[in-house]
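what shape does this take:
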Amino acid sequence: MKRLYFKILIIISSLFLCGLCITTVYSQLITNVPPDISVDEIKALVVEDFESSPEWTVETEPKPYTKGAGDEKAKKNPVPVLEVKIVNGAPSDMKPQEWQANDKGTKKEKVLGVNFRFKYPGHNSVKLTPPKPIALPGRAKGLSIWVHGRGNRYYLEAWVKDFHGSTHILKFGSVAFVGWKPLSVEIPEYVPQEVDSYPATKILTVEKFVLRADPSEQVRNTFFFFDQLKVLTQTYEVNFDGAGLEDSFESSKDTEGSVPDTGAGAGAGDTAP
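Sure, this is the predicted structure:
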């Protein structure tokens, strides 16, 4: 009989410890509302589809020569061709979303295109900047984007900024292929996206995309196209009695997780494309 009681005690203790571990994994916040089955809300969300975007801006390194005109400008300009625009088109294999709250991804009619030509080979790069930073809802785990290449030896990066103002460079890899191809990259766990107070989630923002040339790449008229930027993200936020009381205060109307423009960077920093 004592052995039976001892076994029951061990089983109950094990279940109690497992419950503590599960609670710890999903949230560091302790509230009087325990987590339910919604704590594992992993979703793939379209955050940019280029269907109704205002014009993006494009910059290069080296920078174009803007002084002078005519023959002088033609001789000194290291980037004779440089243009970015939204154009008609879409990957045939890409399926539009059936439904999304913000309607992103429900159409497949337009893509972002960039055309450039450098005068000399080397460590050339092209920076594509959205009209405003692209917010990544929830705790982002990865990014994906459709890219159309023409076989040019370039590498694609996404520069994301955390709520501290630090920049993290995510490398999609080579885009030296022909036609459309979906690329993806994981967001490292060391990139900060939450705190130990409510709201726990602090969002990341995509600040720009960078195309880096292989130094051996020949100079030629080059085209790249982009469509449907997606984020794989954990959207669960802890629930508790009284959430939302802060909405009466002006400071609460600021975007949660907004990134201060401190100019601070991680790795290569945020000073060059």
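
where does pLDDT dip in this protein?
Applying pLDDT under 70 to the chain flags the ranges 1-40, 53, 68-74, 99, 101, 196-201, 236-244, 246, 251-273.

strands of that one, start to end?
In the chain, the segments counted as strands under DSSP state E are 42-48, 57-61, 81-88, 110-117, 125-129, 134-136, 139-150, 154-161, 167-174, 178-186, 204-213, 222-234.

nearest approach to residue 249 belongs to which of those?
Nearest of the strands of the chain to residue 249, taken as C-beta to C-beta: strand 134-136 at 22.0 Å. C-beta here means a position set from N, CA and C on the backbone, and glycine is covered the same way.

could you list the paired strands of that closest one along with their orientation?
When pairing is defined by DSSP bridges, strand 134-136 lines up against strand 204-213 (antiparallel).

in contact with residue 87: list those residues for me.
110, 111, 112, 113, 225 (C-beta atoms under 8 Å, 6 or more residues apart in numbering).

gap between it and residue 100?
23 Å (C-beta to C-beta, to the nearest Å).

related to what we said a few turns ago, for residue 178, state which of the contacts of residue 87 is nearest.
residue 225 (12.1 Å).

bridging residues for the closest residue to that closest one other than its chain neighbours?
Closest residue in space to residue 225, ignoring its immediate chain neighbours: residue 148 at 3.8 Å, by C-beta to C-beta, 6 or more residues apart in numbering. On the basis of DSSP bridges, residue 148 is bridged to residue 180, residue 225.

residue 148 touches residue 183, doesn't it?
No. Counting by C-beta atoms under 8 Å, residue 148 does not reach residue 183; the two are 11.0 Å apart.

residue 225 and residue 124: what is the separation?
19 Å.

the more surrounded of those two?
Set residue 225 next to residue 124 and count neighbours by other C-beta atoms under 10 Å: residue 124 wins out with 24 against 20.

please report how far the nearest residue to the more buried one once chain neighbours are set aside lies from residue 50.
Nearest non-adjacent residue to residue 124, counting by C-beta to C-beta, 6+ apart: residue 213, 4.2 Å away. Noted for residue 213: a distance of 23 Å to residue 50, by C-beta to C-beta.

so who does residue 181 touch?
146, 147, 148, 149.

the third one: how many residues sit nearby?
The criterion is other C-beta under 10 Å. On that basis, residue 148 has 20 neighbouring residues.

so who does it touch?
91, 111, 179, 180, 181, 223, 224, 225, 226, 227.

same check, this time on the last one
By C-beta under 8 Å, 6+ apart, the residues touching residue 149 are 175, 176, 177, 178, 179, 181, 224.
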